[in-house]
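J.: okay, sequence plus prediction incoming.
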Amino acid sequence: MELAIIGGGAAGCFAAITAADLGVKVSVYEAGNMPGRKILTTGNGRCNYTTLALTPLAYNLGDEMMNAIPALEAFGLHDTLEAWKRLGIYPRLQDVYFYPASGQASSVQMALVRGMEERGVKVHNNSKASSVVKKESGEFEVTLESGYKFTCDAVIMACGGCAAPATGSDGSGIAIAQKMGHDCLKPIPALTYMTTDAEDLAALHGVRVKCNASLLQGDNFMGEQDGEVQFTRDSISGIPTFQMSWIVGRFLENGPMTLRLNLILNDPMGTQKIEEDWNGENLPHILKIQPYADEDAYISDLTERDCQWFFRYAAQNLEHTPGMTLQTLLCGVIPDKLASIVMKRAGLDARMPIGNMKGGFYYKEVRNAAIDAFSSSSQEVRGGGHAGTTSWIVPAEDWEKLFRTLTCFDFNITGTGDFEHAQVTSGGITFNQVSSATLESDLYPGLFFAGEMLDVDGPCGGYNLQWAWSSGTLAARSAAAYLKQS
């Protein structure tokens, strides 16, 4: 009894090793000239092969949130780490991400190749499948693009998605599965950059900034990510945009989308510094000139609370160094190129002394009960506050314009990168005719699926390779059980 695995990527190779360990005769048919080629590009060449933060909730799973759970439960984090140790890969933990201790993705690719060789798995390179047919005898007939045909007793399709077609993932496997009657959610690029028609984008070329990024479609909040954003002449890149690019690809046709960057959301000194300043003793003296006291006030904008560090920084400089220019105030907070665009968008003169700006800052007092949902660090304000209230620093006039531009640094999104510039595919073969418990086709017993060609994709950080290991293992175990019963 022979198992044919179509696709020698991460999922296909891991499935081959798993099935061989179960005593199955396995052959792998790889479209390219070597197995595991795409692995070499993962993790910037270091291969982040799993994550300590593994959870099924991190995956984009179409309409059914439960589809990835059986595979991830059957072969989870501990199983992955132990299996890779047996293949010669010792883990190195960086934050919550696991890399091979060698720091090289090639170590993982070579471990898979050696693992298959040591188990007698036959690997056929340059063998791209063009069709799969189940015969009346119960066997499968696979035809390669070369015209060569062969039969086998079970098939695992692990052909990859459409991302990075230069590595062999060109969507041909998805097309074969569709021809066999399996439903497919339109594949779109994921983990890629976003494009915009902003006229000032080119001026930001080369800028990197840590910020909060949110994606909006009209009044609808579509997603949010923190991290470093990178600007190029014609796109916006970085982890936050990568993580949300699939949303753009899937829903942009429903209406215009806005990428909103909050450049001052989090205090660079950390949350502890923010909490230390909550007690009111560190409020700049200038704020008490025109206090705004309203015991019934309610802060509905969480941004206002999380940007208090910037208000305090600006107000202190306004009090002590009113001759400081606006450009000087911002140059130590955000990159200078970015500061210039912020001031232009806000309609403010970079050379203006901050003491000449219209308006200023005041504070308002909010009952603790009103902000319990926002902060557990609410305290009584000393030095001018009412009992049971917390002070919030609020900008006015020119300072309000600056604040709104810094927190709503918006870009109209026009699209995303194509498959050549995408790390993974969102969409693919759905679970309408595939059992999530076994990854076996409901239409053709003995046909199984694994990896990226299924409608499962995750964020950056080892999630997608973990899906390859988990789904490859479940498909191999299910195929072995099928062959044993046949």
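T.: Received the coordinates, thanks.
J.: domain-wise, how is the chain divided?
T.: Domain ranges of the chain: 2-190+424-485, 193-417, per automatic domain parsing.
J.: now mean neighbour count and mean pLDDT too, for those domains, in CSV please.
T.: No exception for glycine: its C-beta is placed from N, CA and C like everyone else's. Listed next are the domains of the chain as CSV, based on neighbours: other C-beta atoms under 10 Å; pLDDT from 0 to 100:
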stretch, mean neighbour count, mean pLDDT
domain 2-190+424-485, 20, 96
domain 193-417, 17, 78
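J.: helices or strands next to the longest helix along the chain in the packing?
T.: Assignment by DSSP state H gives helix 463-485 as the longest helix of the chain. Packing partners of helix 463-485 (3 or more C-beta pairs under 8 Å, 6 or more residues apart in numbering; DSSP states H and E): strand 2-6, helix 10-21, strand 50-51, helix 69-74, helix 77-86, strand 154-157, strand 447-449.
J.: output the helix or strand where residue 343 lies as PDB, restricted to C-alpha atoms.
T.: For residue 343, the host element (DSSP states H and E) is helix 336-346. Provided in PDB are the C-alpha atoms of helix 336-346 (Å, rounded to 0.1, in the frame of the first residue of the first chain):
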ATOM      1  CA  ASP A 336      12.100  64.100  11.600                       C
ATOM      2  CA  LYS A 337      10.800  63.200   8.100                       C
ATOM      3  CA  LEU A 338       7.600  62.000   9.800                       C
ATOM      4  CA  ALA A 339       7.400  65.100  12.000                       C
ATOM      5  CA  SER A 340       7.600  67.300   9.000                       C
ATOM      6  CA  ILE A 341       4.600  65.600   7.300                       C
ATOM      7  CA  VAL A 342       2.600  65.600  10.600                       C
ATOM      8  CA  MET A 343       3.100  69.400  10.900                       C
ATOM      9  CA  LYS A 344       2.100  70.000   7.300                       C
ATOM     10  CA  ARG A 345      -1.100  67.900   7.600                       C
ATOM     11  CA  ALA A 346      -1.900  69.700  10.800                       C
END
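J.: chain center to that helix: distance?
T.: Remark: helix 336-346 is offset 28 Å from the chain centroid, using C-alpha atoms, centre = their mean, to the nearest Å.
J.: break down the stretch 51-200 of the chain into its helices, ranges please.
T.: 69-74, 77-86, 105-118, 172-179 (DSSP state H, counting those that start in this stretch).
J.: which one of those lies closest to residue 242?
T.: helix 105-118 (18.2 Å; C-beta to C-beta).
J.: so residue 426 touches residue 247, yeah?
T.: No: in this structure, residue 426 is not within contact of residue 247 by C-beta atoms under 8 Å, at 9.1 Å.
J.: what lines up beside the one helix or strand residue 215 maps to in the sheet?
T.: Element membership for residue 215 (DSSP H and E) is strand 208-217. Partners of strand 208-217 in the sheet, by DSSP bridges, are strand 220-231 (antiparallel), strand 257-262 (antiparallel).
J.: any chance of the ones you listed in CSV with distance to residue 53 as columns?
T.: Listed next are the strands paired with strand 208-217 as CSV, based on distance: least, C-beta to C-beta, whole Å:
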stretch, distance to residue 53
strand 220-231, 14
strand 257-262, 23
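J.: quick check: which of those strands is nearest to residue 165?
T.: Evaluated with C-beta to C-beta, these place strand 220-231 nearest to residue 165, the distance being 23.8 Å.
J.: separation between residue 479 and residue 211?
T.: 46 Å (C-beta to C-beta, to the nearest Å).
J.: returning to that earlier point: and of the helices and strands packed on helix 463-485, who's closest to residue 136?
T.: strand 447-449 (15.2 Å).
J.: who are the packing partners of that closest one?
T.: Here strand 447-449 touches strand 154-157, helix 463-485, going by 3+ C-beta pairs under 8 Å, 6+ apart.
J.: okay if I get these as a markdown table plus distance to residue 166?
T.: Converted to a markdown table, those look like this (distance: least, C-beta to C-beta, whole Å):
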| stretch | distance to residue 166 |
| --- | --- |
| strand 154-157 | 21 |
| helix 463-485 | 18 |
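J.: circling back: mind putting the helices and strands packed on helix 463-485 into CSV with distance to residue 340?
T.: As requested, these are exported to CSV (distance: least, C-beta to C-beta, whole Å):
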stretch, distance to residue 340
strand 2-6, 53
helix 10-21, 44
strand 50-51, 38
helix 69-74, 47
helix 77-86, 46
strand 154-157, 52
strand 447-449, 51
